[in-house]
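Novice: Show me the folded form of this:
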Amino acid sequence: MFPEGGNLIDGVNAVVAFKATYGNELPEEVSGKVMEDGHEIAAIHSIHDGMGLFALCPYNGKNYKVVLSDGRSWLKKRLNLTLSATNFLKKYTCFNTSMDDSFFHSDNWSKSVVQRFSLSISYRIGELKASVRKAERTISNDDVKGGGNSGGESGGTSE
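Specialist: Numbering: from 1, shown residues only. Reported below is the predicted structural model:
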């Protein structure tokens, strides 16, 4: 990922370029989506030789994730591959806390790595062959055939 200008700034619209390569460093055509806190905010796809771009307005404290798919199916559409990156825009999250009392003052500072990259591989081993069968028998409801107040008897007239 290559943000325009080299950095992403909180609340400022930016263009982010990307280049996708396969294991042998050859370009790979990909498509996918950019997620912000679990919601899709941009669809992405490579334009030429695995390269493309997308617009992003990053906000501090939000989690960003890119889910890529190369659009290929392997082994008769049984093998799926998903690559994702979470918080790829920022390596660390800093936590600062301060507490004051009449007897003491405490400042705590910590820095945690929040970047995560994952590769998910799934393989479908079977096929669903069950189907919904239509019932062969029907229910006969005789109590509505005659009409009137005949108590479910069929037909009949009173004279």
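
Novice: If we ignore the residues flanking it in sequence, what's nearest Asp100?
Specialist: Setting aside the residues directly before and after it, Asp100 is nearest to Ser106 in space (CB to CB, 6 or more residues apart in numbering), at 7.9 Å. (Each C-beta comes from the backbone N, C-alpha and C, glycine too.)

Novice: Return the residues in contact with that neighbour.
Specialist: Ser106 is in contact with 97-100, counting by CB atoms under 8 Å, 6 or more residues apart in numbering.

Novice: That one bridge partners, please.
Specialist: Met99 (DSSP bridges).

Novice: got it, and Tyr123?
Specialist: As for beta bridges, Tyr123 partners with Leu79 under DSSP bridges.

Novice: Quick check: phi and psi at the nearest residue to Arg78 once chain neighbours are set aside.
Specialist: Excluding the flanking residues, the one nearest Arg78 by CB to CB, 6+ apart is Arg124, at 4.5 Å. Phi and psi for Arg124, reported as degrees, to the nearest 10, are phi -90, psi 120.

Novice: Would you confirm that Phe95 contacts Ser112?
Specialist: Yes - between Phe95 and Ser112 a contact is recorded at 7.1 Å, counting by CB atoms under 8 Å.

Novice: Ser120 and Val67 touch, don't they?
Specialist: No - under the criterion of CB under 8 Å, Ser120 makes no contact with Val67, lying 9.6 Å away.

Novice: how many neighbours does Lys62 have?
Specialist: The local packing of Lys62 (other CB atoms under 10 Å) involves 14 other residues.

Novice: any idea how far Asn60 lies from Asp10?
Specialist: Separation of Asn60 from Asp10 (CB to CB, to the nearest Å): 4 Å.

Novice: Output the contacts of Ser106 in a markdown table; the columns should cover distance to Ser140.
Specialist: Shown next, in a markdown table, are the contacts of Ser106 (distance: CB to CB, whole Å):
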| residue | distance to Ser140 |
| --- | --- |
| Thr97 | 75 |
| Ser98 | 79 |
| Met99 | 78 |
| Asp100 | 82 |
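
Novice: gap between the residue nearest to Arg78 and Val15?
Specialist: Arg124 is 38 Å from Val15, by CB to CB.

Novice: Same check on Val30?
Specialist: For Val30, the distance to Val15 equals 18 Å [CB to CB].
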